[in-house]
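1. kindly return the folded structure for what I paste below:
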Amino acid sequence: MSTTHVIQKLTKTSQIQTLPPKFKNTRRTQANVDSFTLIKNLKTICKQGQMKEAISILQVMDHQGILADYPSYVPLVQGCINTKSVAEGKLIHSHIIETGFKPDIALETKLVIMYAKCRTLADARRVMEQMPERDAVSWSAMIAASAKQGQSKEALELFYQMQKTGVRPDQFTFASVLPACGNLVALEHGREVHGAIIVGGFGFDVVVGSALVDMYVKNHSVEDARKVFDRMPERNVFSWTAMIVGYGQIGRVGEAAEFFQKMPERDMTAWNVMIAGYARNGQLREAMRLFRDMPERNVVSWTAMVTAYAEGGLVEEAMELFQEMPEKNKFSWTAMISGFAQNRQIDKAVELFEKMPERDLVAWNAMIAAYAQNGQVDEARDLFEKMPERDLVSWNAMIAGYVRNRCIDEALKLFENMPRRDLVSWNTMIAGYAQDGFVDEALRLFEKMPRRVVVSWNIMIAGYAQNGHFDETLKLFREMPSAGVKPDAVTFSTVLPAFANLSALQQGKEVHEEILRSGFQSNVFVASALIDMYAKCGSIEDARNLFDSMHEQSVVLWNVIIKGYGMHGYGKEAIQLFEQMEHANIKPDSVTFVGILSACCHAGLVDDGQKYFHRMTRDYGIIPVIEHYCCMVDLLSRAGHLDAVLDFINKMPIKPDTAVWGSLLGACRVYNNIKLGKYVAERLFELDSKNSAHYVLLSNIYATSGKWDDTEMVRKLMTERKVKKTPGRSWIEVDNKVHTFLVGDKSHVQTEKIYEFLEILSGKMKEAGYVPDRNFVLHDVEEEQKEHFLNYHSEKLAIAFGILNTPVGSPVRIVKNLRVCGDCHSATKFISNLVGREIVVRDTNRFHHFKDGQCSCRDYW
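-> Model prediction:
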């Protein structure tokens, strides 16, 4: 039988090469007098990495009838490992098979390692499968190779197979499998491996400990990483650097800096990671200071700073650094090209692209993305067609360009013509359909995906949430466990706003418990979403408790808690928080001032609001944007000087938008200024003629003054312009279920009970002095009929249901999709006093806390 047939019989589909014809299976004799010299020379040649010469010596031995044995094969295979010489390695392997030599477990393991190091994982797996017995070294080699070559799932499966065979993992096994748990973001599997490490007694090994720290960091569980780090008797640069990465990626850059300062020794990677941490969190000054302090810099350091400046909008500074670079690689060039593109300097991006000494696929792909980012999809497509070659990234970049510019049909054509698709291709198309509001099409693609990872689920969940399909958002989120997909930090930060919008506090608390079990609470984005969820569900106390429990309170967390207090009308408390923030040396940003100005609006703190508006520019150099001006219009309108507010709007350096004019129109309703209200409404109709809220506000102004002809005129205008009034809708969560009510709704199973209760309540309210405000019925109908309309507004139905179905004395929390009408506001004050309950109502404008016959908004909303 020929050598090739022998190999094929043993390995079936193996691609292992055979030796040249001179390696025939001739009769072997014992080594002659020169055999020791040949073997000695063979070892020397292998150590020197001269594997072709080593093969020649093996051929000489073969011709002289010298039988190659274990001492001969070991240096040969080791030499191929050291030099990653896969061709020579396959020749040696075929020689072992051809000569009938029976390798022991150590030599077979070396063959596994050789193929793994040469990135021919299939051959390594075949050798492994044919081994009659395997030890910890061979298992570890295969696990490590799988993890390093992107097959982390296979690495984890191998680890579990190893345990089933009874082979005990050693420190090398654990150090090999932990990166797989990190790459897969498989926290539960990582914790299982951690348990096995403790049982095996390897918890104090520095390599294993460092791998554990890294695994927890990659799973966004920095608190667990910190616990492991603190217990390590010995730490290396890798464990220190992993902690810096961990704190940096969740926005706790202060703690990352503390670790960096405490490091006993720092390598180049540690410096680069700390610079990237500062840059990622917008602290460019600190990043540059560290960059200048570096004892030496490499191309990664320079590229990190170029990227930081470019992404921070300082493209000129980025270019200066780029020109200073002592050496540049393709990543430096593409970072600068992308920087110009992100800052809408496409001509400079093209110029740099043309100057590149060598343009590889990365550069071409960067230019396609650059054109697409600037809305020049035709130019991007021309470049795509001119590419000398394309890879999957090229196709995905072009599809992403179409999606970004809302050319979903063109994106679909390209998607359907792709020679091959990956997860990025599918995810980009799903995101494209979702952003354009085609959630059904997005779901169709999502369900057709050959494989769905957590990113795919996150995109689909975000698509539902962004399009206001909150029930579907929660439903999809709950399907993840049954699909074998574990939520990650992005999942939680994406789904929590849906609980907030539905005011599903109890369900939100259950997700909070899941977040705690998953170790994601330390993530600044998850934490901010949690605080926001509690605030929007009406539990500002829970929001504050969570904020106070955070180890590092970044500007993002300060912003969300200040905003939370503001929307509840607690302006003084928001100001106290702002002062604490300044005292803690946390620099407020533009979002902070939107939050504090909004808080002053809702609490009627006109003087304070004006003070912070001026401080924003004077003390922090922040130029006001439209959101700040909108807050000021709302704030000044409270004082009732509406003509002065109009003058303020006309002098704004920014063109007023619908939010600005809408704030003034709301004030016109409060102060019943018909003339100004009509003028403001006309400005709103010019900007957005389809928003029904503007027509309703104008109708309210006319109706309050009894101008029914004008009210009818507004209604006709809506008909002509095909504007449909958004139906009033209110939600309340009871026993983990969200109940929805419409005006006059009779679809609920407790309708009879709810209506009967409201009739009784209405009588008691009238006895207490309540008079229905019929001005909020925008129809010229009989007074009795108006009162009937008012009685069954959606918020009243939800409040009645809540009182009937929640424990006596507990708060009743509801959400309404529109501004609360004046009559419902007045009625709810009476109801809160009669039933002895706090009633918390969130409308589109703010929170109303009704208690003992009073409202926190003090009747301005």
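2. below-threshold pLDDT in the stretch 1-150 of the chain: ranges please.
-> 1-35 (pLDDT under 70).
3. what packs against the longest helix seen in the chain?
-> Ranked by number of residues, the top helix in the chain under DSSP state H is helix 751-767. If you count contacts as 3 or more Cβ pairs under 8 Å, 6 or more residues apart in numbering; DSSP states H and E, helix 751-767 packs onto helix 783-791, helix 794-805, helix 822-835. From N, CA and C alone the C-beta is placed, and that goes for glycine too.
4. what about F322, neighbour count?
-> Using other Cβ atoms under 10 Å, the number of residues around F322 comes to 22.
5. same question, P295
-> 7.
6. L834 too?
-> Neighbour number of L834 under other Cβ under 10 Å is 16.
7. and it, what does it touch?
-> Shown in contact with L834 (Cβ atoms under 8 Å, 6 or more residues apart in numbering): 761, 764-765, 768.
8. quick check: which of the helices and strands packed on helix 751-767 is nearest to L742?
-> helix 794-805 (5.5 Å; Cβ to Cβ).
9. packing partners of the next helix-or-strand element following the closest one?
-> Counting by DSSP states H and E, the next helix or strand C-terminal to helix 794-805 is strand 812-816. Judged by 3+ Cβ pairs under 8 Å, 6+ apart, strand 812-816 is in contact with strand 729-734, helix 794-805, strand 839-842.
10. so which residues of the stretch 501-650 of the chain form helices?
-> 505-518, 524-536, 540-549, 555-567, 571-583, 590-603, 606-620, 626-637, 642-650 (DSSP state H, counting those that start in this stretch).
11. which helices and strands sit right next to the first one?
-> With contacts defined as 3+ Cβ pairs under 8 Å, 6+ apart, the secondary structure elements packing on helix 505-518 are helix 489-501, helix 524-536, strand 729-734.
12. alpha carbons only: can I get the first one in PDB?
-> Output for helix 489-501, consisting of C-alpha atoms alone and laid out as PDB, is shown next (Å, rounded to 0.1, in the frame of the first residue of the first chain):
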ATOM      1  CA  ALA A 489     -25.200  45.200  29.000                       C
ATOM      2  CA  VAL A 490     -26.500  46.600  25.700                       C
ATOM      3  CA  THR A 491     -29.700  44.400  26.000                       C
ATOM      4  CA  PHE A 492     -30.500  45.800  29.500                       C
ATOM      5  CA  SER A 493     -29.800  49.400  28.600                       C
ATOM      6  CA  THR A 494     -32.000  49.000  25.500                       C
ATOM      7  CA  VAL A 495     -34.900  47.300  27.100                       C
ATOM      8  CA  LEU A 496     -35.200  49.300  30.300                       C
ATOM      9  CA  PRO A 497     -36.600  52.400  28.600                       C
ATOM     10  CA  ALA A 498     -39.600  50.200  27.500                       C
ATOM     11  CA  PHE A 499     -40.400  49.400  31.100                       C
ATOM     12  CA  ALA A 500     -40.100  53.100  31.800                       C
ATOM     13  CA  ASN A 501     -42.400  54.100  29.000                       C
END
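13. circling back: tell me which of the helices and strands packed on helix 751-767 lies nearest to V524.
-> Between the helices and strands packed on helix 751-767, helix 794-805 lies closest to V524; by Cβ to Cβ that is 33.9 Å.
14. returning to what we had before: now the helices of the stretch 501-650 of the chain in a markdown table, with mean pLDDT?
-> Formatted as a markdown table, these follow (pLDDT from 0 to 100):
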| stretch | mean pLDDT |
| --- | --- |
| helix 505-518 | 91 |
| helix 524-536 | 93 |
| helix 540-549 | 94 |
| helix 555-567 | 94 |
| helix 571-583 | 95 |
| helix 590-603 | 94 |
| helix 606-620 | 94 |
| helix 626-637 | 93 |
| helix 642-650 | 91 |
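15. could you dump the ones you listed to CSV with mean neighbour count and distance to H93?
-> Converted to CSV, the helices of the stretch 501-650 of the chain look like this (neighbours: other Cβ atoms under 10 Å; distance: least, Cβ to Cβ, whole Å):
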stretch, mean neighbour count, distance to H93
helix 505-518, 17, 45
helix 524-536, 25, 50
helix 540-549, 17, 59
helix 555-567, 24, 56
helix 571-583, 18, 66
helix 590-603, 25, 62
helix 606-620, 16, 68
helix 626-637, 23, 68
helix 642-650, 15, 81
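16. switch these over to a markdown table; also include distance to S456.
-> Shown next, in a markdown table, are the helices of the stretch 501-650 of the chain (distance: least, Cβ to Cβ, whole Å):
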| stretch | distance to S456 |
| --- | --- |
| helix 505-518 | 19 |
| helix 524-536 | 19 |
| helix 540-549 | 29 |
| helix 555-567 | 26 |
| helix 571-583 | 38 |
| helix 590-603 | 30 |
| helix 606-620 | 41 |
| helix 626-637 | 33 |
| helix 642-650 | 45 |
